[in-house]
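the sequence and its predicted three-dimensional model are supplied below.
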Amino acid sequence: MILQVEHISKSFGGVDLFSDVTFKLEQGDRLALVGPNGAGKTTMLKIITGQEDADSGKVIFARGARVGYLEQEAIEMGAAPVFEEVMSAQAEVLELERTLKELESGLGANPTEAQLAAAGRARDAYEMAGGYTLEATVRAVLFGLGFREEDMTRATSEFSGGWQMRIALAKLLVRNPEVLLLDEPTNHLDLESVKWLESFLRTYDGSVIVVSHDRAFMDNMVDRVAEVAQGRVTLYKGNYSAYLKAREEALVRLAAEKQKQDEEIAKLEAFVEKFRYKATKAKQAQDRLRKLERIKENLIVLPEQRKSVHFNFQQPPRTGDEVVRAEGLVKRYGDHAVYDGIDFTLWRGDKVALVGPNGAGKSTLLKMIAGIIAPDAGTIRYGVNVSHTYYAQHQLEELDAASTVFQELDRAAPGWTISRVRSLLGAFLFHGDDVDKRVSVLSGGEKSRLALAKMLVAPRPLLCLDEPTNHLDISSVDVLEQALCAFEGTLLFITHDRHLIRGVANRIVEVDAGTLTDYAGDYDYYLYKSGQLESNQTLSASIVDELFDDESSGGAAATKPAKEASRQSSAPKSKEQKRVEAEARNRAHAATKNLRRRVDELDAQLARDNARLEELLELMADPDFYMKEEGTADAIAEHASLKQRIAQAEGEWLELSEQLEAELARHGCA
């Protein structure tokens with residue numbers, strides 16, 4: 001156990017956020033806090049860090065456990081260079097380095113035994129603290145979060161708020177605390193940085209609690225989910241998708257139990273009403289009345305259904321087939337050429353996601369197409385009836401702080417009825433008195449929803465969106481996805497939210513090193529064709545066949561060579577070819593015998609260990625488990641040991657599999 005939350009309760013203004021919450025966290029656990037806006041997720045994080053006090057209950061940490069917390073907002077940075085700022089997060093290690101240098105410089109030509117011993121101890125302490133690898137670690141984290149070598153010496157004050165959030169996250173990761181609390185860590189990251197963070201956190205030594213609206217991020221990173229809703233915290237094992245399934249199954253069971261309870265109450269009430277005044281049945285009526293009172297003390301209450309409002313979004317004017325044609329685009333910033341003569345075309349109905357590494361030029365291309373910046377050379381021509389809208393976070397600054405939510409949208413929708421304005425606001429989760437809030441008091445997420453609603457009042461035929469999901473919760477992203485799926489115009493967008501890309505995009509354009517690679521298919525098609533399928537994703541055989549066989553679909557340039565190779569491999573083989581291939585197989589079989597045996601052993605071990613881990617997780621998901629003294633510590637220790645053993649086995653399996661692949665390729669059997 002590294003963290004224990006015991007019987008925590010918290011209320012604001014007489015409204016319970018949560019009551020009597022108890023859960024534990026072990027080393028290596030990754031827990032997601034989920035729930036609707038205002039449920040208390042951020043408050044729970046602040047109570048754990050001690051920034052806020054609970055009304056009752058306590059938070060207990062393992063001895064020596066350090067806590068790191070990344071907040072959503074209010075990051076303050078000095079003017080130090082980025083590299084030095086992140087290095088400063090390891091103040092203890094830097095102090096050990098200073099001490100070591102002092103001791104080493106004081107050794108002189110004839111050091112004493114005591115001096116040598118002191119320097120040796122300081123050197124060991126510095127090495128144990130990771131001092132010799134600290135600079136490499138800092139660079140790896142900064143590069144993973146999207147910084148470049150030339151950024152290392154830039155002052156942190158030169159960076160925007162979003163990039164300063166990345167610096168704060170880098171400092172936190174470099175500190176390596178035993179308990180890591182992250183509140184919407186992906187908000188200011190691009191897709192490549194989100195993938196890096198996901199991978200980093202999967203192998204993080206400590207425990208992680210994360211609040212996020214990014215479903216793919218939670219699916220790939222967490223192993224437990226805590227739902228904060230209606231004053232309760234309910235724990236589920238597994239990732240976010242497993243939580244949704246388990247929650248739905250639990251709701252079905254609860255609804256059935258409530259129906260049975262309601263039927264029982266109705267029978268008891270009918271009996272009491274009929275016989276309470278009859279002397280011969282008075283005793284039975286009193287017995288049933290007492291039973292009725294006991295049942296009503298433990299009434300089953302179904303959770304409030306989350307509001308899901310749909311709205312028929314207005315469609316843009318129809319355009320010609322060709323929406324945008326860009327030819328020979330050149331864009332330079334100083335000596336750096338972002339693009340040097342690229343061509344790009346958008347067709348009516350295209351919903352294109354721009355993907356690629358940080359700094360590749362995605363936002364630059366989006367801004368040129370949207371007319372926000374001009375290319376240095378080349379032409380951009382728009383088709384018949386094409387007008388465009390550009391959305392990025394700066395749109396939030398254009399909202400009138402003095403207006404109410406209703407007034408702000410009403411001005412953008414002349415001629416609309418009050419009910420229609422309210423319907424659109426309802427679709428973006430502004431309900432009841434929310435529409436009378438002043439823009440000045442809205443949160444970042446609420447401002448984003450309002451700006452998106454304004455954009456969709458009368459959408460232009462071409463929408464250019466840069467990270468539209470920043471600050472949106474999952475329900476709001478669902479509304480945006482519904483609107484963009486129903487949109488009949490043309491869409492060009494950048495987002496780090498893989499769920500949104502999967503739900504909306506019908507074409508992926510990869511931007512890298514000033515070049516564009518076009519994939520005429522959805523996100524999974526792009527991952528497959530670019531060889532980036534994530535380890536927990538698979539494509540069915542039928543989809544794979546379709547990817548290779550559907551020549552008419554266009555697709556990436558790699559499709560035709562793949563099909564040609566397939567045709568060549570299916571040609572009749574001569575006896576000599578068969579003999580050579582058989583000999584190669586025999587040589588490969590002999591050379592890889594030991595490797596294959598060890599891989600099989602690891603497969604069997606992992607199957608056993610994962611099955612036992614599932615048993616332990618099921619046992620520990622029971623709230624009563626932590627109330628039992630006998631066996632609890634042993635089960636927790638076994639769980640921690642198993643997770644470490646599985647991680648080691650998976651690492652060895654991956655390394656051996658790569659060796660096996662290389663050996664087979666060497667013998668011509670890959």
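That came through, no problem.

quick one: average pLDDT of the helix or strand where residue 199 lies?
With elements taken from DSSP states H and E, the one containing residue 199 is helix 191-202. The average pLDDT within helix 191-202 is 89.

okay, now the sheet partners of the helix or strand that that helix is followed by, with direction.
Using DSSP H and E, the helix or strand that follows helix 191-202 towards the C-terminus is strand 207-211. Strand 207-211 pairs in its sheet with strand 30-34 (parallel), strand 179-183 (parallel), by DSSP bridges.

dump the ones you listed to TSV, plus mean pLDDT and mean neighbour count.
C-betas here are computed from N, CA, C, even on glycine. Converted to TSV, those look like this (pLDDT from 0 to 100; neighbours: other Cβ atoms under 10 Å):
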stretch	mean pLDDT	mean neighbour count
strand 30-34	92	23
strand 179-183	91	23
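
mind putting the ones you listed in CSV, distance to residue 333 included?
Putting the strands paired with strand 207-211 into CSV (distance: least, Cβ to Cβ, whole Å) gives the following:
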stretch, distance to residue 333
strand 30-34, 39
strand 179-183, 32
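
wait, which of the ones you listed is closest to residue 287?
Smallest distance to residue 287 across the strands paired with strand 207-211 (Cβ to Cβ): 44.1 Å, for strand 30-34.

and the contacts of that closest one?
Strand 30-34 has contacts (Cβ atoms under 8 Å, 6 or more residues apart in numbering) with 25, 41, 44-45, 201-202, 204, 207-212, 218, 221-228, 240, 243, 474.

7 Å instead, please
25, 41, 44, 201, 208-212, 218, 221-228, 240 (Cβ atoms under 7 Å, 6 or more residues apart in numbering).

and what of stretch 398-405?
408, 425, 430, 434-440, 447, 450-451.

and with 8 Å instead?
For stretch 398-405, the surrounding residues in contact (Cβ under 8 Å, 6+ apart) are 407-408, 411, 425, 430, 434-440, 442, 446-447, 450-451.

also stretch 118-132?
For stretch 118-132, using Cβ under 8 Å, 6+ apart, the contacting residues are 90, 92-93, 96-97, 99-100, 103-104, 107, 111, 137, 176.

buried ones from the contacts of stretch 398-405, can you make that a ChimeraX selection?
Burial among the contacts of stretch 398-405 is assessed by 16 or more other Cβ atoms under 10 Å; the matching ChimeraX selection reads:
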select :407,408,425,430,434,435,439,442,446,447,450,451
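
out of the contacts of stretch 398-405, which sit inside helices?
407, 408, 411, 425, 446, 447, 450, 451 (DSSP state H).

I'd assumed residue 391 was in contact with the last one.
Right, residue 451. Yes: between residue 451 and residue 391 a contact is recorded at 7.1 Å, counting by Cβ atoms under 8 Å.

dig out what residue 381 forms beta bridges with.
residue 325.

need the contact list for it.
With Cβ under 8 Å, 6+ apart, residue 381 has these contacts: 324, 325, 326.

how about the nearest residue to the first one, chain neighbours excluded?
If you skip the residues right next to it in sequence, residue 324 has residue 346 as its closest partner in space, 4.2 Å away by Cβ to Cβ, 6 or more residues apart in numbering.

for residue 466, name its beta-bridge partners.
Beta bridges link residue 466 to residue 494 when assigned by DSSP bridges.

who touches it in this structure?
Taking Cβ under 8 Å, 6+ apart as the test, what residue 466 contacts is 363, 366, 390, 391, 392, 393, 493, 494.

confirm that the first one sits in a helix.
Yes: secondary structure of residue 363 (DSSP: H, G, I helix; E, B strand; the rest coil): part of a helix.

are any of the contacts of residue 381 buried, and which?
Among the contacts of residue 381, the ones that count as buried by 16+ other Cβ under 10 Å are 324, 326.

against residue 231, how distant is the closest residue to residue 144 other than its chain neighbours?
In this structure, residue 144 finds its nearest non-sequential neighbour in residue 196, 4.0 Å apart by Cβ to Cβ, 6+ apart. Look at residue 196 and residue 231: by Cβ to Cβ, to the nearest Å, they are 37 Å apart.

same deal with residue 350?
46 Å.

repeat that for residue 123.
54 Å.
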